[in-house]
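K.L.:
Could you look at this predicted model? Sequence included:
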Amino acid sequence: MKSIFEKINRFRLILNTSGITLGIIGGYLYYHFYACESGCPLNSTPYMSIIWGGLLGYLISDLFYKKN
């Protein structure tokens, strides 16, 4: 039988992983549709948009985890 802590950690892992994945997808879509051609350091390459999207997705998903 699993303890309550293993269930909580699994839930947090799933929540953060899904947040990062959605952030990466959102970052790429932002680059694909709204990227400027020159002069924008954050979204001039798809890699930076993906990194920032993943980071933002993680931070937003971590807001929904209730800390004890």
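P.N.:
Happy to help now that I have it.
K.L.:
Residue 60 - nearest residue in space that isn't next to it in sequence?
P.N.:
Closest residue to residue 60 apart from its sequence neighbours, by Cβ to Cβ, 6 or more residues apart in numbering: residue 19 at 6.0 Å. Every residue, glycine included, has its C-beta placed from N, CA and C.
K.L.:
The one you found is in contact with residue 63, isn't it?
P.N.:
No: using Cβ atoms under 8 Å, residue 19 is not in contact with residue 63; the gap is 9.2 Å.
K.L.:
So what does the residue nearest to residue 60 look like in phi/psi?
P.N.:
Residue 19 adopts backbone torsions of phi -70, psi -40, taken as degrees, to the nearest 10.
K.L.:
Next, find the distance separating it from residue 44.
P.N.:
25 Å (Cβ to Cβ, to the nearest Å).
K.L.:
So those two - more neighbours on which side?
P.N.:
residue 19 (21 against 15; other Cβ atoms under 10 Å).
K.L.:
Contact partners for the more buried one?
P.N.:
Contact analysis of residue 19 by Cβ atoms under 8 Å, 6 or more residues apart in numbering lists 57, 58, 60, 61, 62.
K.L.:
and if we set it to 6 Å?
P.N.:
Contacts here follow Cβ atoms under 6 Å, 6 or more residues apart in numbering; on that basis residue 19 touches 57, 58, 60, 61.
K.L.:
Test for you: state the pLDDT assigned to it.
P.N.:
pLDDT for residue 19: 93.
K.L.:
most surrounded residue in the contacts of residue 19?
P.N.:
Of all the contacts of residue 19, the highest neighbour tally under other Cβ under 10 Å goes to residue 57, namely 22 neighbours.
K.L.:
gap between the residue nearest to residue 60 and residue 31?
P.N.:
Taking Cβ to Cβ as the measure, residue 19 falls 19 Å from residue 31.
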